[in-house]
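Asker: how does the following fold in three dimensions:
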Amino acid sequence: MATCAACRMNVEVYQDQTNATYGTKCKMLVAHYSTLMAVPYSRSVKDTALNSLVIPAKKLEELAAK
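Answerer: Numbering: from 1, shown residues only. So this is what the prediction gives:
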């Protein structure tokens, strides 16, 4: 979880470079705090901005769709 939208984007977008540098294969979901907080309050996927994540958050999208 990131508290800053720019921090979230930096961590998420540069995962491929980090994996190449360290020989890892991580694909970690990084979400903004307000995005995660919107899910339990029954917001839609669009309202929660889950559809804007680089690494898909399928489980959270399913919860938001309920």
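Asker: point out where the protein drops to low pLDDT.
Answerer: The chain contains residues with pLDDT under 70 at 42-43.
Asker: quick one: the strands in it, in order.
Answerer: With DSSP state E as the criterion, the chain has no strands.
Asker: show me where it has its helices.
Answerer: Per DSSP state H, the chain carries helices over the ranges 5-13, 15-22, 33-38, 45-48, 58-65.
Asker: quick check: residue 14 vs residue 30, distance?
Answerer: The spacing between residue 14 and residue 30, counted by Cβ to Cβ, to the nearest Å, is 10 Å. Every residue, glycine included, has its C-beta placed from N, CA and C.
Asker: for residue 35, see how far away residue 26 is.
Answerer: 20 Å.
Asker: over to residue 54?
Answerer: According to Cβ to Cβ, residue 54 stands 13 Å off from residue 35.
Asker: which one of the two has more residues nearby?
Answerer: More neighbours surround residue 35 than the other of residue 54 and residue 35, with 22 against 14 (other Cβ atoms under 10 Å).
Asker: surely the more buried one touches residue 49?
Answerer: Yes - between residue 35 and residue 49 there is a contact at 5.2 Å, judged by Cβ atoms under 8 Å.
Asker: residue 14 and residue 30: which has the busier surroundings?
Answerer: Set side by side, residue 14 and residue 30 show more neighbours around residue 30, with 18 against 11, by other Cβ under 10 Å.
Asker: OK, contacts around that one?
Answerer: For residue 30, the contact set (Cβ atoms under 8 Å, 6 or more residues apart in numbering) comprises 1-2, 8, 11-12, 53, 55.
Asker: residue 21: which of these is nearest?
Answerer: residue 11 (14.4 Å; Cβ to Cβ).
Asker: let's see the ChimeraX selection covering just the buried ones among the contacts of residue 30.
Answerer: Restricted to buried positions by 16 or more other Cβ atoms under 10 Å, the ChimeraX selection for these reads:
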select :2,8,12,53
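Asker: want to throw the contacts of residue 30 into TSV with distance to residue 41?
Answerer: Formatted as TSV, those follow (distance: Cβ to Cβ, whole Å):
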residue	distance to residue 41
1	16
2	19
8	20
11	25
12	23
53	18
55	23
